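Asks: what would the 3D arrangement of this be:
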Amino acid sequence: MDSAFGSVLARYWSAPEVAINVLVFLNLLGALLLGFLVGYERSYRGRAAGMRTYGIVCMASCALTVMMGYPGYWFGGHSLVTLPASGIPDPTRVIQGIVTGVGFIGAGVIMKEGLNISGLTTAASLWAASAIGVMVGLGFYAAAMLLSVLSALCMMWASSLERWLPARTGFVVVLRFERGFVPKQEELVEAALRRGYEMALGSLSISLVDGRAEWRFTATSLGKGRAVSLAQLSDELRNFAGVESFDLSPSRN
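Replies: Modelled structure (predicted):
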């Protein structure tokens, strides 16, 4: 019995089995390094998901994918599972599970505070990290490296490109009016237009607390150079009729 057990155990350390383990290890190491490359940009910007998160996601995705390519070496070469007629398991099911699992991680880094949403770029780049791991697992090494570099460059320089291109910036406005004061939407819309802003359709939210009205909406600029600065708008709101207090914050992050 001991001899039989030793024979079975030896299969896990046979030359072909060790060679496959070394190959899988190299794939995992490459996926980890590529994940670090993408995650460094997020870590540099102080995001919650950094090099460790990206490295683990990329490496784990690679591990789940690459092991599907060697079913003949599972369990030391013992046929303990029922394989399809072709003898090769369907890797698309594993990839589908990876994408679904990483989707839950991405949802966890998206934060919503009022009308302001943050974490979308981090969630998208985590999804890209899982794709990089899958590509390494499938053997598309050059494409995986290219995707890693493009993802990192996109996160580093796309924001600069956005600032250079024509765009309409936006921010969240919260106006708290004096007790008993009844604001008029037409007057607010006209005042915003004179300052180069317009109220985004469908963004207006109105509440009443202790007789004080509170209006919350998103204001978007009519174009670069056409709207007053946020600091100037803040100074003007101090003297706006009926406004007791206000909050101004970017609507994108």
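
Asks: who are the contact partners of residue 190?
Replies: Not one residue lies near residue 190 by CB atoms under 8 Å, 6 or more residues apart in numbering. (Each C-beta comes from the backbone N, C-alpha and C, glycine too.)

Asks: what's the distance between the closest residue to residue 98 other than its chain neighbours and residue 12?
Replies: Leaving out its chain neighbours, the residue that sits closest to residue 98 by CB to CB, 6 or more residues apart in numbering is residue 61, at 5.0 Å. According to CB to CB, to the nearest Å, residue 61 and residue 12 sit 25 Å apart.

Asks: same thing with residue 28?
Replies: Here residue 28 is placed at a distance of 18 Å from residue 12 (CB to CB).

Asks: show me which of these two is the more surrounded one.
Replies: Neighbour count, other CB atoms under 10 Å: between residue 28 and residue 12, residue 28 has more, with 19 against 14.

Asks: what strand or helix carries residue 29?
Replies: Following DSSP states H and E, the helix or strand that holds residue 29 is helix 15-44.

Asks: and that helix, what other elements does it pack with?
Replies: Other elements packing on helix 15-44 under the criterion 3 or more CB pairs under 8 Å, 6 or more residues apart in numbering; DSSP states H and E are helix 51-66, helix 120-138, helix 141-164.

Asks: pull the CA atoms of the shortest one into CSV?
Replies: Output in CSV follows, covering the C-alpha atoms of helix 51-66 (Å, rounded to 0.1, in the frame of the first residue of the first chain):
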residue,chain,number,x,y,z
MET,A,51,-0.4,47.4,-7.3
ARG,A,52,-1.3,44.5,-5.0
THR,A,53,-4.9,44.4,-6.1
TYR,A,54,-4.0,44.6,-9.8
GLY,A,55,-1.2,42.1,-9.5
ILE,A,56,-3.4,39.5,-7.7
VAL,A,57,-6.4,40.0,-10.1
CYS,A,58,-4.1,39.6,-13.2
MET,A,59,-2.2,36.6,-11.7
ALA,A,60,-5.3,34.8,-10.5
SER,A,61,-7.0,35.3,-13.9
CYS,A,62,-3.9,33.8,-15.6
ALA,A,63,-3.8,30.9,-13.2
LEU,A,64,-7.5,29.9,-13.9
THR,A,65,-6.9,30.2,-17.6
VAL,A,66,-3.5,28.5,-18.0
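
Asks: which strands and helices sit next to that helix?
Replies: helix 15-44, helix 91-109, helix 120-138.

Asks: how about the ones you listed, which one is nearest residue 164?
Replies: Ranking the helices and strands packed on helix 51-66 by proximity to residue 164 (CB to CB) places helix 120-138 first, at 18.0 Å.

Asks: what residues of the host helix or strand of residue 235 count as buried?
Replies: Element membership for residue 235 (DSSP H and E) is helix 230-238. Along helix 230-238, these residues count as buried under the neighbour rule (16 or more other CB atoms under 10 Å): residue 233.

Asks: pLDDT-wise, which helix or strand of this protein ranks last?
Replies: strand 116-118 (a mean of 64; mean pLDDT, DSSP states H and E).

Asks: return the residues in contact with the residue nearest to residue 145 when sequence neighbours are not counted.
Replies: Leaving out its chain neighbours, the residue that sits closest to residue 145 by CB to CB, 6+ apart is residue 34, at 6.6 Å. Taking CB under 8 Å, 6+ apart as the contact definition, residue 34 lies against 58, 132, 133, 136, 144, 145, 148.

Asks: go with 7 Å
Replies: By CB atoms under 7 Å, 6 or more residues apart in numbering, the contact set of residue 34 is 58, 132, 136, 144, 145, 148.

Asks: hang on, the earlier thing: turn the helices and strands packed on helix 51-66 into CSV, columns for mean pLDDT.
Replies: Output for these, formatted as CSV (pLDDT from 0 to 100):
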stretch, mean pLDDT
helix 15-44, 83
helix 91-109, 77
helix 120-138, 81
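
Asks: contacts for stretch 56-74?
Replies: Stretch 56-74 is contacted from outside by 17, 20, 24, 27-28, 31-32, 34-35, 81, 83, 88-89, 91, 94-95, 98, 102, 105, 126, 129-130, 132-134, 136-138, using CB under 7 Å, 6+ apart.
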